[in-house]
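*Asks:* only geometry, no sequence info:
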């Protein structure tokens, strides 16, 4: 009888081991299928390199690099390859502020001028009413002001000072327009409260406690050569371009990291900010981070809405939000010239994913975000990569057709009103800065704000020209010279920005 019981016990153990082995093999097969899908998506979208990490049920279940760091080389993307986090930095900056809220050093609804009395906006009422939480919500009424750092050599303080000249685009808290500069202001609030620059505060309070040893708050801190080069599709060919930087508006998007460290970050933020040494935020503050606070207009949301068809589109403290298949999805993209990222989490399903890429606006990031959630949580076989390729391909084609229609309106065989040398000069505006138009070798060139935004002017019709940038990935701009009643050049309009000619 004892022998029989022993045999039964051994048989039961073998059965359990067999079931567990089958589960393990199924899991391995499942990951292999997902890996194959990602590989094909990277190929279809022609992304030079990509990194992805997936967390499910508090465990990293998938992590891998694809392709190369730099086109034309054999330098593979691996788990330690650095990429730009870009605007996915915003959730980190909001977390930094949340830490100070938990410490009682600031309240979300404190007036910003309590900490930054020098921070003035065009509307004095908005200056008085702007709250700390508003810095994270893109709801102030002040429109996008990226020209203050994208085409300038201004310091962070100079950028904030010029915000008083930016006219509102809508009334306060009545709509949504994406606004990077207010995250810079949030970083300054953090510095004013702690006496520590945001670049150091985020390192000391997030990167170091979590053990994110290969994450940096500025490109200037990076020493490694294992870093993804930025790429752009120019004249139908993918080319390496010069590296962009968001260091001057760091809290809005300057962090660089790798998928090893992003696995730590997304696991922490999915698990209510818990980590091995404690937690970054109190539970109620973590919930506040993800509470919908601003309605996002369809025009300001992602084109993916055409296929995912969300019932709501909102913004929380550094996170876009929508419903997806009956669940709330928190996510945020990051984009710099030649570099992309996306961070997403669905707490109800205990799943999160982070994706890096090194090709400008390669929307495979969106495709893989939704595919990850389907594959590891919600089920289904929808081919998001294929569908988004068509969606964004159609958008690109529509843009090209619109450009062709504009070209058809060009009045042919016209000439400038004046000789080209009469257009040369310095054109200035207190907000937008300076454009220098030069005449040499019988052609006009331009220089914007004494930086690298240079190029040639090609006559279009009458007193209108096309500004063709030396950095081709900047595209082309419309430039019209403005004449006064005496027929002399009085100013210029560059893509809607007006400058007066200096006397």
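*Replies:* Thanks, I have it. What you see is a predicted model, and the numbers here were worked out from it, not measured in a lab.

*Asks:* strands along the stretch 51-200 of the chain, start to end?
*Replies:* Assigned by DSSP state E, counting those that start in this stretch, the stretch 51-200 of the chain shows strands spanning 59-67, 83-84.

*Asks:* helices or strands up against the last one?
*Replies:* Identification of packing neighbours for strand 83-84 by 3 or more CB pairs under 8 Å, 6 or more residues apart in numbering; DSSP states H and E yields strand 256-257, strand 339-346, strand 351-357. For glycine as for every other residue, the C-beta is placed from the backbone atoms N, C-alpha and C.

*Asks:* run the chain-centre distance for that strand.
*Replies:* For strand 83-84, the separation from the chain centroid amounts to 10 Å (computed by CA atoms, centre = their mean, to the nearest Å).

*Asks:* got it, and stretch 263-279?
*Replies:* On CA atoms, centre = their mean, the centre of stretch 263-279 falls 22 Å from that of its chain.

*Asks:* what of stretch 313-321?
*Replies:* 13 Å.

*Asks:* endpoints of it, how far apart?
*Replies:* 6 Å (CA to CA, to the nearest Å).

*Asks:* make a markdown table from the strands of the stretch 51-200 of the chain and add distance to residue 444 to it.
*Replies:* Formatted as a markdown table, the strands of the stretch 51-200 of the chain follow (distance: least, CB to CB, whole Å):
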| stretch | distance to residue 444 |
| --- | --- |
| strand 59-67 | 41 |
| strand 83-84 | 34 |
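
*Asks:* out of those strands, deepest packed?
*Replies:* By mean neighbour count, with neighbours taken as mean count of other CB atoms under 10 Å, strand 83-84 ranks first of the strands of the stretch 51-200 of the chain at a mean of 30.

*Asks:* strand partners (parallel or antiparallel) of that strand?
*Replies:* Its sheet considered, strand 83-84 pairs with strand 256-257 (antiparallel) by DSSP bridges.

*Asks:* check what contacts the partner strand and list those residues.
*Replies:* With CB atoms under 8 Å, 6 or more residues apart in numbering as the test, strand 256-257 has contacts from 82-85, 212, 214-216, 219, 222, 227, 265.

*Asks:* now list the buried members of these.
*Replies:* 82-85, 212, 214-216, 219, 227, 265 (16 or more other CB atoms under 10 Å).

*Asks:* ranges for the helices of the stretch 1-150 of the chain?
*Replies:* Ranges of helices in the stretch 1-150 of the chain, per DSSP state H, counting those that start in this stretch, are 2-45, 89-102, 124-129, 147-150.

*Asks:* got it, and the stretch 151-300 of the chain?
*Replies:* Using DSSP H, counting those that start in this stretch, the helices of the stretch 151-300 of the chain run over 156-162, 181-194, 198-202, 208-210, 250-253, 259-270, 283-289.

*Asks:* out of the contacts of strand 256-257, who's nearest residue 439?
*Replies:* residue 219 (36.4 Å; CB to CB).

*Asks:* distance of the closest one from residue 149?
*Replies:* Counting by CB to CB, to the nearest Å, the gap from residue 219 to residue 149 is 14 Å.

*Asks:* just residue 391 next, same as before
*Replies:* Distance from residue 391 to residue 149, by CB to CB: 30 Å.

*Asks:* quick one, which of those two is more surrounded?
*Replies:* Per other CB atoms under 10 Å, whichever of residue 391 and residue 149 has more neighbours is residue 149, with 22 against 18.

*Asks:* from memory that one sits against residue 250, does it?
*Replies:* No. Residue 149 is beyond contact range of residue 250, at 10.4 Å (criterion: CB atoms under 8 Å).

*Asks:* check contacts around the spatially closest residue to residue 180 that is not a sequence neighbour.
*Replies:* Leaving aside its chain neighbours, residue 180 sits nearest to residue 252 (4.1 Å; criterion: CB to CB, 6 or more residues apart in numbering). With contact set as CB under 8 Å, 6+ apart, residue 252 has these partners: 87, 89-90, 93, 180-181, 183-184, 246.

*Asks:* rerun at 7 Å
*Replies:* 87, 89-90, 180, 183-184, 246 (CB atoms under 7 Å, 6 or more residues apart in numbering).

*Asks:* ranking these by neighbours, who comes first?
*Replies:* Busiest of those [other CB under 10 Å] is residue 89, holding 28 neighbours.

*Asks:* correct me, but it touches residue 254?
*Replies:* Yes. Contact criterion CB atoms under 7 Å: residue 89 and residue 254 qualify, at 6.3 Å.

*Asks:* let me see the domain layout of the protein.
*Replies:* 26-400, 420-501 (automatic domain parsing).

*Asks:* need the winner for burial among those domains.
*Replies:* Mean neighbour counts for the domains of the chain (mean count of other CB under 10 Å) peak at domain 26-400, with a mean of 19.

*Asks:* next one: that one to chain centre, how far?
*Replies:* Chain-centre distance of domain 26-400: 5 Å, with CA atoms, centre = their mean.

*Asks:* stretch 457-465 now?
*Replies:* 34 Å.

*Asks:* who's in contact with it?
*Replies:* Residues contacting stretch 457-465 (CB under 7 Å, 6+ apart): 410-411, 414, 416-417, 444-446, 466-468, 478-481, 483.

*Asks:* out of these, which is nearest to residue 41?
*Replies:* Nearest member of those to residue 41, counting by CB to CB, is residue 468, at 33.7 Å.
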